[in-house]
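> Could you look at this predicted model? Sequence included:
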Amino acid sequence: MVKVLKTHKAEQAKEKLLAGPLYNDNDLVFCTNLGKEIDPPNFSKVFYRILKKAGIAHANLHCLRHTFATRGLENGIELKVMQVLLGHSSIVITADTYSHVLPNKKKEAMEKLNNIFDI
């Protein structure tokens, strides 16, 4: 993914040069070829076109967000960090929404604690 993003950044630099003074540099990772924010409906159209081409049905942008959070928590990202990354106003929202991930983490924690005792 890092390689893809670096390539994207290089392409974006070319777009800046081509647009010259018309380019509105908002320091966005994804934007129009003039540096402006992508209109959400236009982004959705492109997103769904990509899904269709990839043969992925019944997915939406929220699925990506949910998968990001679920996989992050499953792989040890702390709940507080995930709250900040997702922009939730309260850790309770994050915990309530992704509580299905936490039982596995509880089991792992108990196994770690079990390993510190010679029983």
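Great, that's in hand. Numbering: from 1, shown residues only.
> going forward, measure contacts and count neighbours with C-alpha atoms only.
OK.
> Could you check how far residue 99 is from residue 75?
14 Å (Cα to Cα, to the nearest Å).
> who's more crowded, the two?
Using other Cα atoms under 10 Å as the criterion, residue 99 and residue 75 rank with residue 99 on top: 14 against 10.
> mind checking how far the more buried one is from residue 92?
Per Cα to Cα, residue 99 is found 10 Å from residue 92.
> what does residue 30 give?
31 Å.
> any idea which helix or strand of the chain has the worst average confidence?
helix 102-115 (a mean of 81; mean pLDDT, DSSP states H and E).
> Counting by contacts, list what it packs against.
Helices and strands touching helix 102-115, by 3 or more Cα pairs under 8 Å, 6 or more residues apart in numbering; DSSP states H and E, are helix 61-74.
> ok and the helix or strand following the helix it packs on relative to helix 102-115, angle-wise?
Using DSSP states H and E, the helix or strand that directly follows helix 61-74 along the chain is helix 79-86. Interaxial angle of helix 79-86 relative to helix 102-115 (axes from the mean of the first three to the mean of the last three Cα atoms, to 10 degrees): 150 degrees.
> Taking helix 61-74 as reference, get the angle to helix 79-86.
Using the same axes, to 10 degrees: helix 79-86 against helix 61-74 is 160 degrees.
> pull the CA atoms of helix 79-86 into PDB?
What follows is helix 79-86, C-alpha atoms only, in PDB (Å, rounded to 0.1, in the frame of the first residue of the first chain):
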ATOM      1  CA  LEU A  79      -9.400   0.900  21.800                       C
ATOM      2  CA  LYS A  80      -8.500   4.600  22.600                       C
ATOM      3  CA  VAL A  81      -6.300   4.800  19.600                       C
ATOM      4  CA  MET A  82      -9.100   3.400  17.400                       C
ATOM      5  CA  GLN A  83     -11.500   5.900  18.900                       C
ATOM      6  CA  VAL A  84      -9.300   8.700  17.800                       C
ATOM      7  CA  LEU A  85      -8.600   7.200  14.300                       C
ATOM      8  CA  LEU A  86     -12.400   6.800  13.700                       C
END
